[in-house]
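Chemist: Model the structure of this input:
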Amino acid sequence: MKNLKINHMKNIKIGIIMGSDSDLEVMSESAKIIESFDVAYEMQVVSAHRTPDKLYKYATSAKKKGIKVIIAGAGGSAHLPGMTSSMTVLPVIGVPVKTKTMDGLDSLLSIVQMPPGVPVATVAINGAKNAGLLAMQILATNDKNLEKKLMQYKSTMNKEVKLKSEKLYKVGYKKYLEK
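Modeler: Purely as a prediction, here's the structure:
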């Protein structure tokens, strides 16, 4: 894996935004998976409620910057993914971030209940890794090299699960859990 510079990169394909730096631990999972595919991205804090002017500028200029997919993570009222989608034609993937109040159910419901005409693909609560993978799959529709990397990734997962299953069968669950 290359040592990718996150900000100020050329050829940025994915924008990762979050409503607060408290979402960073979750959203870093998107960055990690994107880095593993050597795809350029940027990451910013963009609050729908506290910096609406920054959100507007980000969403309306992302396509001009070359961004192809936006991953937006938010907790609580979680307006960031939907507001972003309302201002761009780019695909937006929403990541509901787990909250203390309702364990992220409030975030999930806020993101998944978008009105007609404002689509947001939504992953599981704290599902930032899958958001990164979904972004890779979207990009791979026009990138054969990335498509090959995704096929290899899935093949590796398949082999890992088979090895774990064989080990479980051989040693039994008690020894397996003793790791």
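Chemist: only C-alpha atoms for contact and neighbour calcs from this point on.
Modeler: OK.
Chemist: got the buried residues for the longest helix that the chain contains?
Modeler: Using DSSP state H to define each element, the chain has its longest helix at helix 144-177. Buried positions in helix 144-177, judged by neighbour count with 16 or more other CA atoms under 10 Å: 146-147, 149-150.
Chemist: can the residues you listed go into JSON lines with extra columns for pLDDT and distance to residue 126?
Modeler: Putting these into JSON lines (pLDDT from 0 to 100; distance: CA to CA, whole Å) gives the following:
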{"residue": "146", "pLDDT": "98", "distance to residue 126": "25"}
{"residue": "147", "pLDDT": "98", "distance to residue 126": "25"}
{"residue": "149", "pLDDT": "98", "distance to residue 126": "24"}
{"residue": "150", "pLDDT": "98", "distance to residue 126": "22"}
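Chemist: Make TSV out of those and add distance to residue 109.
Modeler: Formatted as TSV, the entries for those read as follows, by distance: CA to CA, whole Å:
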residue	distance to residue 109
146	32
147	32
149	33
150	30
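Chemist: How are the helices of this structure distributed by residue range?
Modeler: Listed in chain order (using DSSP H), the helices of the chain are 24-36, 52-61, 80-86, 105-112, 128-140, 144-177.
Chemist: now these as a markdown table including distance to residue 74?
Modeler: Below are these laid out as a markdown table (distance: least, CA to CA, whole Å):
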| stretch | distance to residue 74 |
| --- | --- |
| helix 24-36 | 9 |
| helix 52-61 | 13 |
| helix 80-86 | 6 |
| helix 105-112 | 7 |
| helix 128-140 | 11 |
| helix 144-177 | 27 |
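Chemist: what about those helices, which gets the closest to residue 121?
Modeler: helix 105-112 (7.7 Å; CA to CA).
Chemist: Who are the packing partners of that closest one?
Modeler: In this structure, helix 105-112 packs against strand 69-75, strand 92-97, strand 121-122, with contacts taken as 3 or more CA pairs under 8 Å, 6 or more residues apart in numbering; DSSP states H and E.
Chemist: Now the ones you listed in a markdown table, please, with extra columns for distance to residue 155.
Modeler: Formatted as a markdown table, the entries for the helices and strands packed on helix 105-112 read as follows, by distance: least, CA to CA, whole Å:
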| stretch | distance to residue 155 |
| --- | --- |
| strand 69-75 | 25 |
| strand 92-97 | 24 |
| strand 121-122 | 25 |
